[in-house]
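Undergrad: Just the structure for this:
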Amino acid sequence: MNHRLPRCQARLLPAYGAGLRWLFVLLAVAGCERTGEGTLPAKPEADAGRTRGEDPRPNILLITVCTFRYDHMSAAGYPRPTTPFLDSLAAGGVFFENAVSSSSWTKPAVASILTGLTPNVHRMTDSYKDEEIRGVGFTPKRTLSDGVVTLAECLREVGYETGYQNNNIHAGRFFNMTQGFDDAGFHDYQVDTPRMLAEFAAWVRRLDRNKPFFFFLLTRDPHLTYDPHYEYYHKFDRSSPPVARHGYSGFLFARAVRTEIQKRLKDKQPPGREYEQRWIDLYDAELAQLDDVLRAVPVILAEAGRQSNTVIVVTGDHGERFFDGLTKNIGHSGALDEPVLHVPLLICGPGIPAGRRINRIVRSIDIYPTVAELARADVPDLVQGESLLPFLFGDAEALAPRTAFASYAETRHAVRDGNFKLHYANGAAQALYDLQSDPAESLNRLDAESEVAARLERRVLGWLDQERALQEIISEGRAREMTPEVIEQLRSLGYVQ
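TA: Numbers count the residues shown, from 1 in each chain. Below is the predicted model:
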């Protein structure tokens, strides 16, 4: 059995919250080709070279930044100027202040973006055992099932050209994450974002302008290993005196900082203010460097005659810890704390309301149905996410609240409901936090808020019940032996030694 079911099959709705796709249907029937706020993108006329009779549906550019921590984005209130370009996109569109990833690391998180499914449904959850992390030996790992209808396949079915650029092995062809993309370019960790954007520019110039496109760009630039140019590191360097140019060696400098931090943490010692600052300075410099590189995106679109009809979506697959969260460590995999689950999400482009900030909880699984409906495509029946169009074009505060569900592996879960978050592992509630009064998740209120804990536990059990039901319908992907080339890629990303 698989995911490719007849459109008439009754849709399994998310465990909590009914679908709102009827609103899009009403908008379409009413005639959404009008321009202006509150309508879907209309047919553009401004780009040079566009032809009469061109498909009026928008192009979609989905940019996913690997390891993009929400509260290190300037638009989220971070006091350092890490993301001025992305801030301008957020100001020109809709910025979601409470977007939640489905997992704490790339493979399951990106799979959820591309399938609209939670991790234990698409099953891209098998992480690395201790002996694998030590590089001793690897068991075969699951790949994404061919039975899943990816976002690329959904859009390709309705006439979209589909392209992909990626430099993280966890989201590449080896794990079957590129299904549905006509042109899927995977590059190893040494290929940076400028090179991938050059590939995108060449690709979009080759396209038939009478057909819309969907392009997915995943960049791991802010992920380990940090290697910002000195000009960027110097802007964020808080050491006294600052590191001199001749004393800065990029990757080697960052590796030395990380090695000392890990040694101190292993010895149960605090890293110390100097090393904590240097580590964060390196990350902020990486983010600022990437932000500058992404300034090429509107130029590329304009030169290809596509800027006036392209909707841009920017998000993170997951965040990163900086000596905070539940572990007081660095990195992202494992615990489902806020530094790794809270990610940026913005949508901007023709027809998208400008300057709007949404505080309600939304999920990474909601990106799929949102993009599909912007493209006038039928959303597959089993997609668990719900479109964000009602938030874009309606009264967000009047909409039913959503719960966000996240998993690490198959036994560790978390659910967000309003200000509260429940951690659930091995069949039992572990901790409850009030994120409004305790954003650092330091005060466990499991006993003090027993009714809230019971309500959120029912939410978790509802999601798990739904996952089990969908597992009966959606086939499991095949397992593949880990090749030396893949293991080397994992080593470069810091997943194995």
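Undergrad: List the contacts of the closest residue to residue 204 other than its chain neighbours.
TA: Distances taken as CB to CB, 6 or more residues apart in numbering place residue 304 nearest to residue 204, at 4.5 Å, with adjacent residues excluded. For the C-beta atoms, the positions are set from N, CA and C on the backbone; glycine is no exception. Listed by CB atoms under 8 Å, 6 or more residues apart in numbering, the contact partners of residue 304 are 201, 204-205, 207.
Undergrad: can you pull the contacts of residue 367?
TA: Contacts for residue 367 (CB under 8 Å, 6+ apart) come out as 62, 113, 116, 151, 313, 315, 345, 385, 388.
Undergrad: Quickly note the distance from the nearest residue to residue 104 once chain neighbours are set aside to residue 207.
TA: Nearest in space to residue 104, with sequence neighbours left out and distances taken as CB to CB, 6+ apart, is residue 340 at 4.3 Å. Distance of residue 340 to residue 207, computed by CB to CB, to the nearest Å: 36 Å.
Undergrad: of these two, who's got more company?
TA: Per other CB atoms under 10 Å, whichever of residue 340 and residue 207 has more neighbours is residue 340, with 29 against 17.
Undergrad: can you redo the contacts of residue 304 as a markdown table with pLDDT?
TA: Supplementary listing: these in a markdown table, determined by pLDDT from 0 to 100:
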| residue | pLDDT |
| --- | --- |
| 201 | 96 |
| 204 | 95 |
| 205 | 94 |
| 207 | 94 |
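Undergrad: Where does pLDDT dip in this protein?
TA: Residue ranges of the chain with pLDDT under 70: 1-54, 185-190, 325-327, 497.
Undergrad: Quick one: the strands in the stretch 201-350 of the chain, in order.
TA: Secondary structure of the stretch 201-350 of the chain (DSSP state E, counting those that start in this stretch): strands at 213-219, 310-316, 321-324, 329-331, 342-348.
Undergrad: Out of those, the one nearest residue 456 is which?
TA: Closest to residue 456 of the strands of the stretch 201-350 of the chain, according to CB to CB: strand 342-348, at 17.4 Å.
Undergrad: quick one: that closest one to strand 310-316, angle?
TA: Strand 342-348 runs at 170 degrees relative to strand 310-316, counting by axes from the mean of the first three to the mean of the last three CA atoms, to 10 degrees.
Undergrad: Which other helices and strands does strand 342-348 contact?
TA: Counting contacts by 3 or more CB pairs under 8 Å, 6 or more residues apart in numbering; DSSP states H and E, strand 342-348 packs against helix 84-91, strand 93-100, strand 310-316.
Undergrad: so can I have JSON lines of these showing distance to residue 170 and mean neighbour count?
TA: Output for those, formatted as JSON lines (distance: least, CB to CB, whole Å; neighbours: other CB atoms under 10 Å):
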{"stretch": "helix 84-91", "distance to residue 170": "23", "mean neighbour count": "19"}
{"stretch": "strand 93-100", "distance to residue 170": "19", "mean neighbour count": "23"}
{"stretch": "strand 310-316", "distance to residue 170": "14", "mean neighbour count": "24"}
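Undergrad: Of the ones you listed, which is nearest residue 477?
TA: Of all the helices and strands packed on strand 342-348, strand 310-316 comes closest under CB to CB, at 23.5 Å.
Undergrad: separation between the residue nearest to residue 204 and residue 278?
TA: Distance of residue 304 to residue 278, given as CB to CB: 40 Å.
Undergrad: Quick one: the strands in the stretch 351-497 of the chain, in order.
TA: Counting by DSSP E, counting those that start in this stretch, the strands of the stretch 351-497 of the chain are 356-363, 404-408, 412-417, 420-425, 428-434, 479-480.
Undergrad: Most neighbours among the contacts of residue 367, which one is it?
TA: residue 116 (32 neighbours).
Undergrad: And the residue nearest to residue 104, how far from residue 463?
TA: 19 Å.
Undergrad: can you list the helices and strands packed on strand 342-348 in JSON lines and add distance to residue 335?
TA: JSON lines is the format used below for the helices and strands packed on strand 342-348 (distance: least, CB to CB, whole Å):
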{"stretch": "helix 84-91", "distance to residue 335": "27"}
{"stretch": "strand 93-100", "distance to residue 335": "15"}
{"stretch": "strand 310-316", "distance to residue 335": "17"}
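Undergrad: So which of these is nearest residue 407?
TA: strand 93-100 (11.9 Å).
Undergrad: Run through the neighbouring helices and strands of that closest one.
TA: With contacts defined as 3+ CB pairs under 8 Å, 6+ apart, strand 93-100 has these neighbours: strand 342-348, strand 356-363, helix 389-393.
Undergrad: At the geometric centre of the protein, which residue do we find?
TA: residue 317 (2.7 Å; CA atoms, centre = their mean).
Undergrad: thought that residue was touching residue 343?
TA: Yes: counting by CB atoms under 8 Å, residue 317 touches residue 343, with 7.3 Å between them.
Undergrad: Now for the two: what residues contact both?
TA: Common neighbours of residue 317 and residue 343, counting by CB under 8 Å, 6+ apart, are 68, 101, 364.
Undergrad: nearest to residue 401, of the residues you listed?
TA: residue 364 (17.0 Å).
Undergrad: Spit out the contact partners of the closest one.
TA: 99-102, 109, 112-113, 315, 317, 343, 345, 385.
Undergrad: What count of nearby residues applies to residue 227?
TA: Neighbourhood size, residue 227 [other CB under 10 Å]: 19.
Undergrad: Isn't it up against residue 250?
TA: Yes: at 4.7 Å, residue 227 counts as touching residue 250 under the criterion of CB under 8 Å.
Undergrad: if you skip the residues just before and after it, what's nearest to residue 457?
TA: residue 429 (5.1 Å).
Undergrad: list the contacts for that neighbour?
TA: Counting by CB under 8 Å, 6+ apart, residue 429 makes contact with 422-423, 446, 453, 456-457, 460.
Undergrad: Out of the contacts of residue 304, flag the one nearest to residue 286.
TA: Closest to residue 286 out of the contacts of residue 304 is residue 201 (22.6 Å), distances taken as CB to CB.
Undergrad: Wait, the closest one touches residue 301, no?
TA: No: with contact defined as CB under 8 Å, residue 201 and residue 301 do not form a contacting pair (9.1 Å).
Undergrad: higher neighbour count, these two?
TA: Just comparing residue 201 and residue 301: by other CB under 10 Å the higher neighbour count belongs to residue 301, 22 against 16.
Undergrad: how near is that one to residue 87?
TA: 19 Å.
Undergrad: swap in residue 334?
TA: Counting by CB to CB, the gap from residue 334 to residue 87 is 30 Å.
Undergrad: before we move on, what about residue 486?
TA: Relative to residue 87, and taking CB to CB, residue 486 is found at 36 Å.
Undergrad: now do residue 237
TA: With CB to CB as the criterion, residue 237 and residue 87 are 22 Å apart.
Undergrad: and what of residue 283?
TA: For residue 283, the distance to residue 87 equals 17 Å [CB to CB].
Undergrad: Same check on residue 492?
TA: Residue 492 sits at a distance of 30 Å from residue 87 (criterion: CB to CB).
Undergrad: same question, residue 424
TA: Counting by CB to CB, the gap from residue 424 to residue 87 is 35 Å.
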